[in-house]
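S.K.: what's the 3D shape of this:
(2 chains)
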Number of protein chains: 2
Amino acid sequence: MVPHLTTALSGPLLELEQRFLAQSAWIEQWFRASWQEHTPPFYASCDLRNAGFKLAPVDTNLFPGGFNNLNPDFLPLCVQATMVAVEKFCPEACRVLLIPENHDRNLFYWQNVARLALILRHAGLNVRLGSLALATPVTIELPNAQSLLLEPLTRRGNRLELADFSPCAILLNNDLSAGIPPILHDLNEQTLLPPLQAGWAVRRKSRHFAAYDAVAREFADLVGIDPWRINPAFAVCRGLDFRYRHGEEELADAVSRQLAAIREKYREHDISETPYVVVKADAGTYGMGVMTVKDASEVIGLNRRQRNRMSVVKEGLQVSEVIVQEGVHTFETVRDSVAEPVVYMIDRYVVGGFYRIHTAREKDENLNSPGMEFKPLAFETGCNLPDSSENPDAPPNRFYAYGVIGRLACLAAAKELEATDNYEAVTLPYAMRASA
Amino acid sequence: MVPHLTTALSGPLLELEQRFLAQSAWIEQWFRASWQEHTPPFYASCDLRNAGFKLAPVDTNLFPGGFNNLNPDFLPLCVQATMVAVEKFCPEACRVLLIPENHDRNLFYWQNVARLALILRHAGLNVRLGSLALATPVTIELPNAQSLLLEPLTRRGNRLELADFSPCAILLNNDLSAGIPPILHDLNEQTLLPPLQAGWAVRRKSRHFAAYDAVAREFADLVGIDPWRINPAFAVCRGLDFRYRHGEEELADAVSRQLAAIREKYREHDISETPYVVVKADAGTYGMGVMTVKDASEVIGLNRRQRNRMSVVKEGLQVSEVIVQEGVHTFETVRDSVAEPVVYMIDRYVVGGFYRIHTAREKDENLNSPGMEFKPLAFETGCNLPDSSENPDAPPNRFYAYGVIGRLACLAAAKELEATDNYEAVTLPYAMRASA
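M.R.: Below you'll find the model as predicted:
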């Protein structure tokens, strides 16, 4: 089963997919050249929106959860890509410490951790789980009668270890929203993946989408499309305090400018949909601190509940910076439910994906809400099987297009991580506050 | 469906598989280190024999046919591995010329070529087919209503081209049994894969198995097993002429010594099977020039038909050198038919495999006979999913073991190709005669 793409709107997207197909050799060659200059993150997932007239990433996660939602048939692909990544980052590694999120009660998340550990084990690594938040070992029972053992971390000189396990490499599946804990500082003897600046203590959506902006422009030039077709516009708004309504007017102005720009583009491309923007915390994840806005007036005089919802993200961090991102409509549906693709990458390879399907939401709402109230629908086929003998919108070709956009976001993440490599020298309010 | 391994004999193999499983992290680390020092061939397939007490490669093909026999679910895995290989050998490539065998009438072979071309296309390459034996284009119709266009080659200076296609890289699926044609000499501007010395004009089984001998010894030492468990012994016999019965006695002596050595090993390991050897052309393929022998007397006084069968291999080449290889019994069966695993690799990754199943043959006979009279049975799962929570003989674990042995053979091939890199300086009777 593959979500239905509303056909009345699929004309321009078909054109996009057709171009991707016709130029797949150039596209792949361009990616090969790009990956010779930029190192992809160890892993990533990318939330896409498919509006028919526009196909764009709206969020790139460098600590992907949800590996358990991928088609199990893709497991060998994940394992092979992991082997490639390990060969590159730490060829001598044989023991890996996987550090998951703290205090997560979501069993789906732990199934993701179990799947990740399985992938690493299949790739021939000894894997143990270490927790940033535990003083004694804890066993988590999973629905499939399996269990995960989480163990407390120990720092020995420059090394991060478990009581009886000294890893060669450390893989973070913890997005460091709470800041970079001192125990992770200066691990000079071990490979830390992804690097610390990939965590939300340092990372900013605005930096990612600025990098994506440049990547999308170069790519659009290569395949001969308007970069707007694959790029959500955005603006940044700083110095906000939702609790005290500081910066409300500036935010309304930014929203207003964005909406006007989208309206202009819709006119240019003869699109009759209602423009909207998504206001979200510049540093943060998990669908917290996110708001869909169709008119600037909506951000003026938010009620207490709305202000609270916007002012705090994961780990209780205050939101003072937001991005105002062009909303991209979702026109893929499964039995009248909105379906949004998520693409998974390990190293520079797309290893699968799934759709988030949510019955209770509208096409312009954010589906990645707390509690993960969605049904995953795994991609049926791989994202690396473009087939020009089939319809451009046939599932393998649609998935190929998703894989191309996902990889563009991954390339943007690579450039973003390079640019923040010396993050300790940069002003980092979150990181400083969190570790204070 | 997975072939049944005769359980009475599976004890020692279970031990082998158990060791592979328990030490998979060390094994994978060892492979990673090995591939940093040695470059795997672009692709390879390896014929294995599983005797329960012994699991060993008996032939390594550097121009693999049979990609069409792999599980279609493994296609994304093949594509991803091809991307890795292309990134390494010719990152700037976007046009590839695939050169298949000449004059092959076997439609199975052409389905293999079609599958290979598909894999390359999915990896984002423009692929065309060029023939060493055509002066005008020929279209080959395939059973699935597809067709292949074979085009004549053109030499332009240092480049090999088609009339309107100048490839960046050339992939040989032609084993050059007929010698290296002058049109392939000195292609300095294009990447030629695999290198010319991989062809049977230069290649010798004896060199391959000598390299495998060293690889198997090192690996056996790593995992703590007797190398004999994974290594078929062999000897070389030169200066033969089957037509005139020259060298018959020397061959009988070599057979006799091999059989005695096997008998000794069987005694040591308490194995009650009948030892046998396989006599095969040192340079050659396709199951021609192959003979199963249980007693030295069998090679004395061969009748005309037997002598003819041994004296000529593919492309009419005379056999003057043979290897006398320890026979490894086949104890895997599907409904009473003998089943032999073939493992496929692209670059350093196992991308799948299948069983050759032959109802009419005995467990000690060669299944790769002319005309390919076997039924392929694709591996159900990947070869990179070792699972220590399952029985060591569960299919994913048996396939993992096959993948390990296949990769050992692939590593041997890498060393073999390195050693013959300056093949032009070496005495090469076949190559010289064929290009004369």
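S.K.: dump the residue contacts of residue A:278.
M.R.: A:58, A:290-293, A:324-327, A:366 (Cβ atoms under 8 Å, 6 or more residues apart in numbering or on different chains). For the C-beta atoms, the positions are set from N, CA and C on the backbone; glycine is no exception.
S.K.: the strand or helix carrying it pairs with which strands, and in what direction?
M.R.: Using DSSP states H and E, residue A:278 maps to strand A:277-281. In the sheet, strand A:277-281 lines up against strand A:290-293 (antiparallel), strand A:322-326 (antiparallel) (DSSP bridges).
S.K.: just the C-alphas of the longest one, formatted as CSV.
M.R.: Meaning strand A:322-326. Presented in CSV, the C-alpha positions along strand A:322-326 are these (Å, rounded to 0.1, in the frame of the first residue of the first chain):
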residue,chain,number,x,y,z
VAL,A,322,12.2,30.6,16.5
ILE,A,323,12.2,30.0,12.8
VAL,A,324,9.2,31.0,10.7
GLN,A,325,9.2,28.4,8.0
GLU,A,326,7.1,28.3,4.9
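S.K.: now what about stretch A:350-358, what contacts it?
M.R.: Contacts to stretch A:350-358, defined as Cβ under 8 Å, 6+ apart, come from residues A:3, A:47, A:66, A:69-71, A:74, A:77-78, A:81, A:332, A:334, A:337-345, A:367-368, A:373-379, A:382-384, A:399, A:402-403, A:406-407.
S.K.: give me the subset of those touching chain B.
M.R.: Among these, the ones lying near chain B by Cβ under 8 Å from any Cβ of the partner chain are A:74, A:77, A:81, A:382-384.
S.K.: for those residues, which one is nearest residue A:147?
M.R.: Proximity of these to residue A:147 (Cβ to Cβ) peaks at residue A:74, which lies at 24.2 Å.
S.K.: can you get me a residue count around residue A:284?
M.R.: Close neighbours of residue A:284, defined as other Cβ atoms under 10 Å in any protein chain shown, add up to 25.
S.K.: same question for stretch A:122-129, mean pLDDT?
M.R.: Averaged across stretch A:122-129, pLDDT comes to 94.
S.K.: does chain B sit close to that stretch?
M.R.: Yes - looking at stretch A:122-129 against chain B by Cβ under 8 Å from any Cβ, the contacts come from A:122-126.
S.K.: CA atoms only for the helix or strand that contains residue A:309, dumped as CSV, please.
M.R.: Following DSSP H and E, one finds residue A:309 within helix A:304-311. The C-alpha coordinates for helix A:304-311 follow below in CSV (Å, rounded to 0.1, in the frame of the first residue of the first chain):
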residue,chain,number,x,y,z
ARG,A,304,-1.6,31.3,28.3
ARG,A,305,-1.9,27.7,27.1
GLN,A,306,-0.6,28.6,23.6
ARG,A,307,2.2,30.7,25.1
ASN,A,308,3.2,27.8,27.5
ARG,A,309,3.2,25.4,24.6
MET,A,310,5.5,27.6,22.5
SER,A,311,7.8,28.7,25.3
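S.K.: buried residues in the top helix by length along chain A?
M.R.: With secondary structure taken from DSSP state H, chain A has its longest helix at helix A:395-419. Using 16 or more other Cβ atoms under 10 Å in any protein chain shown as the test for burial, helix A:395-419 gives A:395-417.
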